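Q: Fold the following and give me the result.
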Amino acid sequence: MSPSTLEPEAGKEPVSTERILGFEKDLHLQGQQYATVLSIVYVGYIVMQLPVNLFLHWPERPAILIPSSMAIWGIEIYVHHDTS
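A: Now for the predicted structure:
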């Protein structure tokens, strides 16, 4: 399996276990609200899966694109943390 296939699966696992860890209680979700939250998350995965995979196959050197985007993301997180 490719990393772009495994990433969404890794992202869905914590969402399904959050119910056990008190996610509903912490956010005061009632009735179908938890199911609505899960639906929004899964629809986001489904909608973005194809564009992300197409984008990752577009550059000639994904070995440069992926680490570069991780470095940019790390700098953004550092700057955000430093300013807040």
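
Q: contacts, neighbours, all on C-alpha from now
A: Fine.

Q: Can you tell me the SS state at the residue located most distally from the centre of the chain?
A: Largest separation from the mean C-alpha position in the chain: Gly31, at 25.0 Å (CA atoms, centre = their mean). Assigned state for Gly31: coil (three-state reduction, DSSP: H, G, I helix; E, B strand; the rest coil).

Q: Check it and give its pLDDT.
A: If you check Gly31, the pLDDT there is 82.

Q: Likewise for Ser16?
A: For Ser16, the model assigns a pLDDT of 64.

Q: all helices of this structure, in order?
A: Ranges of helices within the chain are 3-17, 23-27, 33-57, 62-83, based on DSSP state H.

Q: Turn those helices into TSV, columns for mean neighbour count.
A: Listed next are the helices of the chain as TSV, based on neighbours: other CA atoms under 10 Å:
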stretch	mean neighbour count
helix 3-17	12
helix 23-27	12
helix 33-57	12
helix 62-83	11
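
Q: Could you tell me the least trusted of those?
A: Among the helices of the chain, helix 3-17 has the lowest mean pLDDT, at a mean of 58.

Q: Leaving out the residues flanking it, which one is nearest to Pro59?
A: Leaving aside its chain neighbours, Pro59 sits nearest to Leu65 (7.6 Å; criterion: CA to CA, 6 or more residues apart in numbering).
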